[in-house]
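Participant: Sequence and predicted structure, then a few things I'm wondering about:
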Amino acid sequence: MNFLKYLTLLLALVCQSSFAQQKYTLSGTVSDSANNETLIGVNVVVRSLQTGTTTNEYGFFSITLPEGQYDIEISYLGYATANRQVILNANTRLNVSLAVGGEVLDEVIISDKNTTDTRRPEMSVNRLSIAEIKRMPVVLGEVDVLKSILLLPGVTNVGEGASGFNVRGGGADQNLVLLDEAIVYNSSHVFGFFSVFNPDAIKDLKLYKGGIPPRFGGRASSVLDIYQKDGNSKQFSMNGGIGLISSRLLAEGPIVKDRGSFLVGGRASYAHLFLKLADNDNSAYFYDLNMKLNYKLDDDNNLFLSGYFGRDVFDFDGTLTNIYGNSTLNLRWNHLFSDRLFSNLSVIYSDYYYGLELDFIGFLYDSGIRNYNIKYDFKHYVTDKLKLSYGVNGLYYDFNPGTIKPNSEESGINFRQLDRKYALESAAYIEADQQLTDELSILYGARYSMFHRLGSSTVNVYENNQPVLFNPTFQIYEQATPIGSKNYDSNEVIQSYGYLEPRLAVAYSLTDNTSIKASYNRMTQYLQLISNTSSPTPLDVWTPSDNFIKPQIANQVAVGYFGNFDNDNYTLEVESFYKTIKNRIDYIDGADLIANEAIEQIILNGRMRSYGVEVLFRKNTGKFTGWLSYTLSRSEQQTPGRTPEETGINGGQWYRSLYDKQHNLALTGGYELNKKWGFGANFVLQTGAPVTYPNGQYSYQDVIIPSYGMRNSNKLPTYHHLDLSATYTPKPEKKSGWRGEWVFSVYNLYNRMNAASISFRQNEDTGRNEAARFSIFGIVPAVSYNFKF
């Protein structure tokens, strides 16, 4: 009640001061003229007042201005800039359709500058267009959304074939990945070689590395917010592509012309079919399906239904079968209460499933996580200088750590269900986006989150509430033996947490094209990923915070300089950041994670810190466009002893985390030779991932046993590769009917054998120890054919 009381008082004060003079609201939707696809982040500018706004995630904008006549400029990357003259003497609705660059006359100005908004108090945010992503050369010619963000500053992964991505020294599990607002728990196919996102179905991609808005929560490092296309409500169309290992096809069209549309897209790999031709009974493939329906009920109400389903299948001669993947479903209702108050109500389902069958021992194993989410968000355009965002949401989690059962009557395996876990996470937030002066703008707000670990469940009880004991004789940590257990009924609260998460961002304009910005955000993560690998694997298990596992609490500050130069042809962004995370879990030596019902017995709560400088320099116009990004950073972890007598992990000293990459350089560019030929190139250079090498050995009963020093005190060799691509469009002038293009690419042009890992062994001939490098990719040429009609 206090939250609503303060919100009402704030609105009353703002409105009282805002309507001292007669003002009216101009609102509407901006869409693509060819297919009615709403456009996100379109600039709507009133030059005479030096003010403006942008469209939200559903293409809606609203701005309140004094009575009068105005020239409104509407611009968006890759589209013809539109100008509208408006006489504002009443609240006015203005819907605008923009034409893409290739469909307009030469004398019309095309907005092709991917500039930074220096005045808006938004920093540590990167947006990539699908056109940019499709131009980048990638392994095996498969366009990959996740691989593209690895070219941005502050974003890395642990190496080739690794799942997920790491942001500013954080773990992959600390990223909130959303597809049409639904949580995606595993973002990779084939153990990290490809992402789960079909590029043909994606409309917009935005990565928040810091300064994260209060509407987001639940993860400690970043938010990757991805929206699917709505579908073409004007006419039926199809597009797709045929590659070396997979193909894709997408169909879209009107349900009712100009009112509703559908989109269905599918993608599947088929490399395993070549194994069959070689009399190889093994197979490995993936497939996924995207769908979306939307319908405009009237000018104030829209409905959306979107979903995703994907699976990876590995079958090794019928003796081992592994199936895993995500599924999501989201029903959304957009409603306009007025020209200045936009709302969105979403009901969301997300599921991640992992299944393993070992036929030779008659064993079936299933695990996963499922959540149900309801959220209600509001966007209040109070004045042209002030916008408010506020809302509530609640998530119910159902965790299945593992179900073990026989796969036949002859199996000797007994059924066993590991203790299922349940939790409820809820939150309320408010944010103000305010322009205080011509030079100073500020984003400020807060999110209050609550988390309840629920029954039914059986929880172990330990002496002194310590599930992990320290053995002073051997100077090691050991698992404690429970002295009892406590049963909790269904929905009975086992443990509760509540945290206030303030958010703040400030922008001060030095000139019309340059500014300095600063931000602070606190994030709370109530879920932990139980994994002892450097990148997520399908076998990893999510677990909720409870009375032993504490929530991760992240605090991050960042400052930066932002500028557009030479008539916006060039953009420079320089940021520095410092981030700390409390309660980052670490594992005792010898921890066994698989099917462990007492995971608290192998976990210690530690902390992380990361800091660094990021540089992003873009060339926005001309035949050659692209960017250079560089990050100098450090990511460290510490798990000190709980008492002065305990050693902690690594002697209680700070050590490099698995995600530490001190240097990270990426260059990407595209060159348009003519209308038929275009070229792209990437170059990546990174410090090798941290590892722990043996520093000695000893013999015990004729067995050679290695000894190790400080954790992660070594690193793999420097990682780098150069990739090239060429795109050939035979008939670029053709605007209808069958249209196609060929894409030729070479990944790792100079055949660099980057080390995924290094192992040590004894040479059988010489008896000497030696290091063996394991590499995944050398040079990989590829060709694919894309089409639409």
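Facilitator: Now that the structure is in, tell me what you want to look at. Residues are numbered from 1 along each chain as shown.
Participant: The closest residue in space to residue 757 that isn't next to it in sequence: neighbouring residues, count only.
Facilitator: Ranked by C-beta to C-beta, 6 or more residues apart in numbering and with sequence neighbours excluded, the top spatial neighbour of residue 757 is residue 774, at 4.8 Å. For every residue, glycine as well, the C-beta is placed using N, CA and C. Neighbour count of residue 774, defined by other C-beta atoms under 10 Å: 10.
Participant: And residue 617, by the same measure?
Facilitator: Residue 617 has 16 neighbours, counted by other C-beta under 10 Å.
Participant: Can you pull the phi/psi pair for it?
Facilitator: The phi and psi values for residue 617, taken as degrees, to the nearest 10, are phi -120, psi 120.
Participant: contacting residues for the nearest residue in space to it that is not next to it in sequence?
Facilitator: Ranked by C-beta to C-beta, 6+ apart and with sequence neighbours excluded, the top spatial neighbour of residue 617 is residue 628, at 4.8 Å. Residues counted as contacts of residue 628 (C-beta atoms under 8 Å, 6 or more residues apart in numbering) are 615, 616, 617, 665, 666, 667.
Participant: Extract the C-alpha set from whichever strand or helix holds residue 628 and format it as PDB.
Facilitator: Element membership for residue 628 (DSSP states H and E) is strand 624-638. As requested, the backbone C-alpha atoms of strand 624-638 are provided in PDB (Å, rounded to 0.1, in the frame of the first residue of the first chain):
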ATOM      1  CA  PHE A 624      32.700   0.500 -45.500                       C
ATOM      2  CA  THR A 625      31.100   0.300 -42.100                       C
ATOM      3  CA  GLY A 626      32.000  -1.500 -38.900                       C
ATOM      4  CA  TRP A 627      33.500  -1.100 -35.500                       C
ATOM      5  CA  LEU A 628      36.500  -1.800 -33.300                       C
ATOM      6  CA  SER A 629      36.000  -2.900 -29.700                       C
ATOM      7  CA  TYR A 630      38.600  -3.300 -27.000                       C
ATOM      8  CA  THR A 631      38.300  -4.300 -23.300                       C
ATOM      9  CA  LEU A 632      41.000  -4.200 -20.700                       C
ATOM     10  CA  SER A 633      39.600  -5.900 -17.600                       C
ATOM     11  CA  ARG A 634      40.100  -8.300 -14.700                       C
ATOM     12  CA  SER A 635      37.600 -10.800 -13.100                       C
ATOM     13  CA  GLU A 636      38.500 -12.400  -9.800                       C
ATOM     14  CA  GLN A 637      36.900 -14.600  -7.200                       C
ATOM     15  CA  GLN A 638      37.600 -15.200  -3.500                       C
END
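Participant: can you pull the contacts of the closest residue to residue 514 other than its chain neighbours?
Facilitator: The shortest distance from residue 514 to any non-neighbouring residue, by C-beta to C-beta, 6+ apart, is to residue 563 (4.0 Å). Residues in contact with residue 563 (C-beta under 8 Å, 6+ apart) are 116, 118, 513, 514, 515, 571, 572, 573.
Participant: what do you get if the cut-off is 10 Å, keeping everything else the same?
Facilitator: Residue 563 sits next to 115-116, 118, 510-511, 513-516, 570-574 when contact means C-beta atoms under 10 Å, 6 or more residues apart in numbering.
Participant: From the centroid of this structure, which residue is nearest?
Facilitator: With distances taken as C-alpha atoms, centre = their mean, the chain has residue 224 as the residue nearest its mean C-alpha position (2.8 Å).
Participant: In which helix or strand does that one reside?
Facilitator: Taking DSSP H and E as the criterion, residue 224 maps to strand 222-228.
Participant: what's the spacing between that strand and its chain's center?
Facilitator: With C-alpha atoms, centre = their mean, to the nearest Å as the basis, the distance from the averaged C-alpha position of strand 222-228 to the chain average is 5 Å.
Participant: That strand: partners in the sheet, and parallel or antiparallel?
Facilitator: Using DSSP bridges, the neighbouring strands of strand 222-228 in the sheet come out as strand 175-179 (parallel), strand 202-208 (antiparallel).
Participant: For it, buried residues please.
Facilitator: Buried residues in strand 222-228, counted by 16 or more other C-beta atoms under 10 Å: 222, 223, 224, 225, 226, 227, 228.
Participant: now those residues as JSON lines including distance to residue 401?
Facilitator: Below are the buried residues of strand 222-228 laid out as JSON lines (distance: C-beta to C-beta, whole Å):
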{"residue": "222", "distance to residue 401": "26"}
{"residue": "223", "distance to residue 401": "27"}
{"residue": "224", "distance to residue 401": "26"}
{"residue": "225", "distance to residue 401": "29"}
{"residue": "226", "distance to residue 401": "28"}
{"residue": "227", "distance to residue 401": "32"}
{"residue": "228", "distance to residue 401": "31"}
